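> based on what follows, work out the 3D shape:
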Amino acid sequence: MDIDIIGGGSLGLLHAAMLMRTRNSIDSSNTKVRMWTRTPKQAELIRSQGIHLKDLDGRHDHIYPVHAYPLAEAGEVLERTGMRASSIWLFVKQTHIDSELLSRLEKFPREQTTSLVCYQNGVGHMESLRAVWPQEQLVWAVTTEAAKRVNCNEVVHTGRGHTSIGIWQPAGSRTEQKDLVNSLCLSTKKLLENAGFQTFCRTTSKVWFIRNCLPMSLLIH
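Okay, the predicted model is just below:
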């Protein structure tokens with residue numbers, strides 16, 4: 001499976017590093033991770049120097065090599081190599097989901113069943129993403145993991161939490177989710193847990209989950 005992580009902030013770096021740290025395990029040996037950043041400068045730094053990760057127990061890991069590129073070059077890079085995304089994990093701020101990003105997502109070379117896993121705590125952006133992505137392949141993700149980006153290729157894991165994921169449904173929708181949860185959510189859950197993230201699959205709507213299950217401190221911003 002090819003996982004494409006969009007966003008080089010704290011959580012994007014953390015997830016990329018922890019996924020790649022486990023790539024030599026039996027369950028993760030066939031998983032390839034690529035990073036897509038907003039700026040060419042960050043992509044070049046990560047590509048040339050890798051990612052430095054400091055874990056909760058003080059352990060330092062140097063993740064190298066890392067395939068990192070500017071998001072603007074995704075189409076060119078993947079078409080040239082004949083690669084396609086199997087799962088895209090979106091780690092950008094909700095306010096950065098604009099027409100430019102939507103256009104790039106729509107044109108992103110991908111397989112027919114590629115999921116888009118969206119790590120944004122707010123609400124309203126999923127409706128925008130639905131315009132460029134099949135609804136049944138949109139996965140919402142909310143996490144209480146904490147991380148601090150020290151610089152463009154260095155991240156510290158500062159707090160253990162848990163991640164909840166589920167297939168997105170618009171308000172009032174009664175789409176049957178059983179098969180979708182089994183195929184998309186469970187495969188994503190396995191990848192996250194192999195990397196060390198405690199993960200739960202939810203059949204409740206994202207809006208309900210945010211309003212009823214998240215600490216208020218995560219919703220202020």
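
> now for the longest strand along the chain, which elements pack on it?
Ranked by residue count and defined by DSSP state E, the top strand of the chain is strand 110-118. Under the contact criterion of 3 or more C-beta pairs under 8 Å, 6 or more residues apart in numbering; DSSP states H and E, strand 110-118 touches strand 85-90, helix 125-130, strand 138-143. In this view, the C-beta of every residue, glycine as well, is placed from N, C-alpha and C.

> got CSV for these, with mean pLDDT too?
Output for these, formatted as CSV (pLDDT from 0 to 100):
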stretch, mean pLDDT
strand 85-90, 96
helix 125-130, 94
strand 138-143, 94
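
> which residues does the most centrally placed residue in the chain contact?
Centrality entry for the chain: nearest residue to the mean C-alpha point is Trp89, 2.5 Å, by C-alpha atoms, centre = their mean. Contact criterion C-beta atoms under 8 Å, 6 or more residues apart in numbering gives 3-6, 12, 15, 117, 119, 141 as the residues in contact with Trp89.

> save those residues as a markdown table, and put in neighbour count and distance to Phe200 too.
Below are the contacts of Trp89 laid out as a markdown table (neighbours: other C-beta atoms under 10 Å; distance: C-beta to C-beta, whole Å):
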| residue | neighbour count | distance to Phe200 |
| --- | --- | --- |
| Ile3 | 22 | 20 |
| Asp4 | 27 | 23 |
| Ile5 | 25 | 21 |
| Ile6 | 25 | 23 |
| Gly12 | 23 | 21 |
| His15 | 29 | 16 |
| Val117 | 24 | 14 |
| Tyr119 | 25 | 15 |
| Ala141 | 23 | 11 |
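
> for the residues you listed, work out which two are farthest apart.
In those, two members sit farther apart than any others by C-beta to C-beta. They are Asp4 and Ala141, at 14.7 Å.

> hang on, the earlier thing: mind putting the helices and strands packed on strand 110-118 in a markdown table, distance to Lys41 included?
As requested, the helices and strands packed on strand 110-118 are exported to a markdown table (distance: least, C-beta to C-beta, whole Å):
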| stretch | distance to Lys41 |
| --- | --- |
| strand 85-90 | 21 |
| helix 125-130 | 26 |
| strand 138-143 | 27 |
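
> among these, which comes closest to Met35?
Using C-beta to C-beta as the measure, strand 85-90 is the one of the helices and strands packed on strand 110-118 that comes nearest Met35, at 10.1 Å.
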